[in-house]
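> Sequence and computational prediction follow.
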Amino acid sequence: MDPSKEKDQKQTVPSKRKPNIIPIILLVLLIAASCGAAFYYYTSAHKAKRNTAEIDSPVTRAQIIEDPLINRGDKTTSVLDDGIETTDLVTDPPAITHADKPSGLLPSELPETPTDIKQSPNLDKEEPVKISICSEPAKQLDTFYQSLDKEAYMSAYKIDGSSKNHFSKLIQKLLANPPQVTRESDDLYTILRNTAHFFRISGKDNILMMKGILDNEKNKLEQILSDYYLLVSNAECSTSGYGNVDKDALYEYACFFLNTMGGRLYLFRRDSLSRMVVTYYAVLLVDEANIQNNNRHGIALRPVVDMLINEMEMGGSSLKKSDIYLNKLYDLKEKYQ
């Protein structure tokens, strides 16, 4: 073989191999580009799908506790279908308010807001209980009569029923038969009648019983008279069981104690403390009649008030409410000067 041909043959061999390598390289590059594009498309689609799912279904606290791949404030690692590991930082989803609602969600898909939460109906506020001014005095009188029924000395008087019912009937009987206030000194008979007034109306047994009660319950007399006066002087206490009395008859008895010989004799037969308290409430009843322009006997209170002030200042220190009595009496003294 000609050496020049042999040389040409050697030079043509590489030219024949070169076309065989280039297609292989191009094929490898094409496959790599296809795989890269497929991987990019897959990962992008998977991430978009996961983000949409997180918006549609916000992570709740229960899911955070139950799902081991979701830990608040911790890095978690999950493996995709293609074997690639992804690392994300998962935190609590922010609370969605009216101003932050995503525009792509339907109203029915939005989480409940405070306006959607059913609230329990407001309970009706209980109106404050109005305490009547008559309640406490009536209760104290009831307590007094109940204790009176248990006293041993009361069994000697043999009254029918409770002491409350007995004295209620007796009071009504006395009010229905008031003493004579005017023209008492015209004849001796009227003076004697007034002197024996309570004996004539009440009877011997009731007089003895009242004397026994006054002797044994002397320390309760102030409170008893105070309660009775409050109940009979307030119109709203007429249904209390004690306040339904004849006010005109009460005025007659007040005048009897203040302005008649028979009434004053009754008071002076009692101890000084009882006399001062009864006289005090008699003054208040006549003053109330003056306020209502119903002092029909024209009883002058100024002399009585001055006398009672002097008596209380001299010997009324043992009275539990002496300061209250004197303050009221000084007001009346100024009123009637």
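Perfect, I can see it now.
> which residues does the residue nearest to residue 336 when sequence neighbours are not counted contact?
Of all residues not flanking residue 336 in the chain, residue 302 sits nearest, at 4.3 Å (C-beta to C-beta, 6 or more residues apart in numbering). The way it works is simple: take the backbone N, C-alpha and C, and place the C-beta from them, glycine included. By C-beta atoms under 8 Å, 6 or more residues apart in numbering, the contact set of residue 302 is 333, 336-337.
> Grab the nearest non-local neighbour of residue 200.
In space, residue 200 is closest to residue 193, 7.2 Å off (C-beta to C-beta, 6+ apart).
> Give me the number of neighbouring residues for the one you found.
15 (other C-beta atoms under 10 Å).
> right, and it touches residue 181 too?
No - in this structure, residue 193 is not within contact of residue 181 by C-beta atoms under 8 Å, at 12.0 Å.
> Who are the contact partners of the residue nearest to residue 200?
So, once contact is read as C-beta under 8 Å, 6+ apart, residue 193 ends up touching 179-180, 200, 262.
> Specify which member of those is nearest to residue 152.
residue 200 (29.8 Å; C-beta to C-beta).
> Quick one: neighbours of the closest one, just the number.
That count, for residue 200 with other C-beta under 10 Å as the rule, works out to 12.
> Would you tell me what helix or strand it is located in?
helix 197-202 (DSSP states H and E).
> Can you spell out which helices and strands pack onto that helix?
Contacts defined by 3 or more C-beta pairs under 8 Å, 6 or more residues apart in numbering; DSSP states H and E place helix 197-202 against helix 163-176, helix 204-216, helix 261-268.
> then it to CSV, C-alphas only?
Extracted as CSV, the C-alpha positions of helix 197-202 are listed here (Å, rounded to 0.1, in the frame of the first residue of the first chain):
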residue,chain,number,x,y,z
HIS,A,197,-109.7,55.3,133.4
PHE,A,198,-107.3,52.4,132.7
PHE,A,199,-108.8,50.3,135.5
ARG,A,200,-112.4,50.8,134.2
ILE,A,201,-111.6,50.0,130.6
SER,A,202,-108.9,47.3,131.0
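> one step back: need the helices and strands packed on helix 197-202 in a markdown table (columns: mean pLDDT).
Shown next, in a markdown table, are the helices and strands packed on helix 197-202 (pLDDT from 0 to 100):
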| stretch | mean pLDDT |
| --- | --- |
| helix 163-176 | 94 |
| helix 204-216 | 92 |
| helix 261-268 | 93 |
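> Can you lay out the ones you listed as CSV showing distance to residue 276 and mean neighbour count?
Converted to CSV, those look like this (distance: least, C-beta to C-beta, whole Å; neighbours: other C-beta atoms under 10 Å):
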stretch, distance to residue 276, mean neighbour count
helix 163-176, 22, 15
helix 204-216, 14, 14
helix 261-268, 9, 17
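> In the chain, where is pLDDT below threshold?
1-24, 26-30, 32-131 (pLDDT under 70).
> ok, which stretches of this structure are strands?
74-79, 85-90 (DSSP state E).
> Tell me how far residue 242 lies from residue 277.
18 Å (C-beta to C-beta, to the nearest Å).
> The nearest residue in space to residue 164 that is not next to it in sequence: how many residues sit nearby?
Using C-beta to C-beta, 6+ apart and skipping residues adjacent in sequence, the residue nearest residue 164 is residue 145, 3.9 Å away. Applying other C-beta under 10 Å, we find 17 other residues in the vicinity of residue 145.
> give the contact list for residue 145.
Applying C-beta under 8 Å, 6+ apart, the residues contacting residue 145 are 162-164, 167.
> Closest one of those residues to residue 226?
Nearest to residue 226 among the contacts of residue 145, with distances taken as C-beta to C-beta, is residue 167, at 16.7 Å.
> Give the closest residue to that closest one in space, chain neighbours not counted.
Residue 167 sits nearest to residue 145 (C-beta to C-beta, 6+ apart), 7.5 Å away.
> Quick check: the one you found vs residue 240, distance?
14 Å.
> now residue 335
29 Å.
> With residue 142 instead?
Going from residue 142 to residue 240 by C-beta to C-beta gives 10 Å.
> any idea how far residue 261 is from residue 188?
According to C-beta to C-beta, residue 188 stands 11 Å off from residue 261.
> wait, I meant residue 201
When residue 201 is compared with residue 261 (using C-beta to C-beta), they lie 18 Å apart.
> any chance you could map the helices in the chain?
3-56, 61-66, 135-150, 163-176, 188-195, 197-202, 204-216, 221-233, 247-259, 261-268, 272-291, 302-315, 322-335 (DSSP state H).
> got JSON lines for these, with distance to residue 157 too?
Converted to JSON lines, the helices of the chain look like this (distance: least, C-beta to C-beta, whole Å):
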{"stretch": "helix 3-56", "distance to residue 157": "93"}
{"stretch": "helix 61-66", "distance to residue 157": "81"}
{"stretch": "helix 135-150", "distance to residue 157": "11"}
{"stretch": "helix 163-176", "distance to residue 157": "9"}
{"stretch": "helix 188-195", "distance to residue 157": "24"}
{"stretch": "helix 197-202", "distance to residue 157": "12"}
{"stretch": "helix 204-216", "distance to residue 157": "4"}
{"stretch": "helix 221-233", "distance to residue 157": "18"}
{"stretch": "helix 247-259", "distance to residue 157": "23"}
{"stretch": "helix 261-268", "distance to residue 157": "20"}
{"stretch": "helix 272-291", "distance to residue 157": "20"}
{"stretch": "helix 302-315", "distance to residue 157": "31"}
{"stretch": "helix 322-335", "distance to residue 157": "31"}
